[in-house]
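Asker: Here is the input, now give the coordinates:
(4 chains)
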Number of protein chains: 2
Amino acid sequence: MVKPAKTSADKRPPLSRDRVLHEAIAVADEGGMDALSMRRLAHRLGVEAMSIYYHLENKDALLDGMIDRVMAEIELPEPDEEWQPGNRRRAVSLHNMLARHPWAAPLMESRTNPGPVALRYYDAVLGSFRTAGFSVPMAAHAFAAIDAYVYGFGLQEFSLPFDEVPIEEIGQAILQTLPPDEYPYLTEMIIDHALQPGYDYSAEFEWGLDLILDAFEQRLGES
Amino acid sequence: MVKPAKTSADKRPPLSRDRVLHEAIAVADEGGMDALSMRRLAHRLGVEAMSIYYHLENKDALLDGMIDRVMAEIELPEPDEEWQPGNRRRAVSLHNMLARHPWAAPLMESRTNPGPVALRYYDAVLGSFRTAGFSVPMAAHAFAAIDAYVYGFGLQEFSLPFDEVPIEEIGQAILQTLPPDEYPYLTEMIIDHALQPGYDYSAEFEWGLDLILDAFEQRLGES
DNA sequence: ACCTGAACACCGTTCAAGT
DNA sequence: ACCTGAACACCGTTCAAGT
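Answerer: I've put the predicted structure just below:
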């Protein structure tokens, strides 16, 4: 008997850990963490909910796997790169990753078992500071401060459901209900800054990032 | 007929928006966001789940109410206070609030309708910068950078379930499974820094905060 | 005015069973 | 080896009904 050749429409690729993780990230990217249920994910994979449990132990393992995957999207500082441009590139690419995966920031910080991708990432970043002459405590300061800034900025920037409604309308809407003499500085900020034509909030990210990087450069020179 | 005097054990105080919010915050503080279900909350209030809906429209309104309440715990910069000590005090008290309510950081950033408490907070912070001579764009920079740092730091510090297990054991556990020659800088950081007797991670927060505040002080002097 | 019971459309997960 | 169906203990919310 000859095995019948299957047409491409005939059958989906078999379920696998990889396919499940890929689709889970897609679901979370589109609809947020609330949209990611085992049942809905299974439906998108053309399979029953219970089938997922053959490839991943439970939902926690699914979340760990998703984090490991998106962390691989972060560019590492290169060994032959100066610490500042290397970490600038890393921070910007982390920021971009958080833009693609708005659900990731809170999740990354609440998981306890770092995968190999995470460990390599930590080691590369710490290495970039140490080889540039940072002391061990100073490397800890730099890692903590830069990452707190990047995650925190991403948290406010990307966890808002502003994909459809442009930020101007939000500002306008707030202005409508705002007694201007009760909140003069907030009113001023919205009118004279946030609602100005050239305003670009994402430029704010790199401004603050450079402030922090420059501050470390300075401390390095002092010691 | 005389109304019978009720003994204190006889009856709980009647349900109210205030009691619901108070208890909801307590539940989230103890068990995290996952523990907060309408049914469990109702049970703690000695009431059926549906009773809550009389006082709050739905779970979203509950979350908005919780955020408004915890934001009231943040100390505002005073009008007669210098911008730097005022914002240092504010940032530290925000950090403390996030320590008490680890669930708050991701939630605060994902809500869209700021209550009166939030508006007053924004206005007070912006006012402290403007009266100190910050331009409007510079006040925006400062607010964005400082708050990104505080929220991001709190995110990594408090969303970990490290209440019971001390951080040393975590470090030890990671070390066990870590091939030291593959991750030399990470190994060094854990052994020579994180596991040292005097190590205090919470001191890291104020170190980075002062770095950022000083950097703004400097830019102010330059312009 | 304030609270409840039953019902609906969902969850994650276990476990025995199918191929 | 890989997938499924039925079942369990949960969710948020609607709606009509109780006092």
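
Asker: so what's the residue most central in space within chain A closest to, chain neighbours aside?
Answerer: Centroid-nearest residue in chain A: residue A:98, 2.1 Å away (criterion: CA atoms, centre = their mean). Distances taken as CB to CB, 6 or more residues apart in numbering or on different chains place residue A:154 nearest to residue A:98, at 3.6 Å, with adjacent residues excluded. No exception for glycine: its C-beta is placed from N, CA and C like everyone else's.

Asker: how close does residue A:125 get to DNA strand C?
Answerer: 32 Å (CB to the nearest atom of the strand, to the nearest Å).

Asker: In what element of secondary structure is that residue found?
Answerer: Residue A:125 belongs to helix A:116-131 when assigned by DSSP states H and E.

Asker: That helix near chain B at all?
Answerer: Yes - against chain B, helix A:116-131 shows contacts by CB under 8 Å from any CB of the partner chain at A:119, A:120, A:122, A:123, A:126, A:127, A:130.

Asker: Of those residues, which is the most crowded?
Answerer: residue A:126 (25 neighbours; other CB atoms under 10 Å in any protein chain shown).

Asker: how about that one, what does it touch?
Answerer: Shown in contact with residue A:126 (CB atoms under 8 Å, 6 or more residues apart in numbering or on different chains): A:139, A:143, B:185, B:186, B:188, B:189.

Asker: which of those residues tops the neighbour count?
Answerer: Busiest of the contacts of residue A:126 [other CB under 10 Å] is residue B:186, holding 25 neighbours.

Asker: Without its sequence neighbours, what residue ends up closest to that residue?
Answerer: Closest to residue B:186 by CB to CB, 6+ apart is residue A:123, at 4.4 Å.

Asker: Same question for residue A:192.
Answerer: Closest to residue A:192 by CB to CB, 6+ apart is residue B:136, at 5.3 Å.

Asker: pLDDT value on the one you found, please?
Answerer: Note for residue B:136: predicted pLDDT of 97.

Asker: do the same with residue A:132
Answerer: 97.

Asker: What is the neighbour count of it?
Answerer: Residue A:132, neighbours per other CB under 10 Å, totals 20.

Asker: I'd like the distance between it and DNA strand C.
Answerer: Relative to DNA strand C, and taking CB to the nearest atom of the strand, residue A:132 is found at 43 Å.

Asker: Near residue A:26, how many other residues are there?
Answerer: 13.

Asker: element containing it?
Answerer: Using DSSP H and E, residue A:26 maps to helix A:17-31.

Asker: tell me the domain ranges of chain A?
Answerer: A:13-57, A:75-218 (automatic domain parsing).

Asker: which residues touch the residue nearest to residue A:55 when sequence neighbours are not counted?
Answerer: Nearest in space to residue A:55, with sequence neighbours left out and distances taken as CB to CB, 6+ apart, is residue A:17 at 4.6 Å. By CB under 8 Å, 6+ apart, the contact list for residue A:17 reads A:55, A:56, A:65.

Asker: Can you find the helix or strand in chain A with the smallest mean pLDDT?
Answerer: When each helix and strand of chain A is scored by mean pLDDT, DSSP states H and E, helix A:167-176 comes last, with a mean of 80.

Asker: could you dump the domains of chain A to TSV with distance to residue B:172?
Answerer: TSV is the format used below for those (distance: least, CB to CB, whole Å):
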stretch	distance to residue B:172
domain A:13-57	25
domain A:75-218	14
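
Asker: Isn't residue A:81 up against residue A:128?
Answerer: Yes - the pair formed by residue A:81 and residue A:128 meets the contact definition of CB atoms under 8 Å, at 7.1 Å.

Asker: In terms of neighbours, single out the busier of the two.
Answerer: residue A:128 (25 against 17).

Asker: how much space between residue A:33 and chain B?
Answerer: 10 Å (CB to the nearest CB, to the nearest Å).

Asker: ditto for residue A:51
Answerer: 25 Å.

Asker: wait, what's in contact with the closest residue in space to that residue that isn't next to it in sequence?
Answerer: Nearest residue to residue A:51, sequence neighbours excluded (CB to CB, 6+ apart): residue A:15, at 5.9 Å. Taking CB under 8 Å, 6+ apart as the contact definition, residue A:15 lies against A:45, A:47, A:51, A:52, A:54, A:55.

Asker: Quick check: phi and psi at residue A:15.
Answerer: Per-residue torsions, residue A:15: phi -60, psi 140 (degrees, to the nearest 10).
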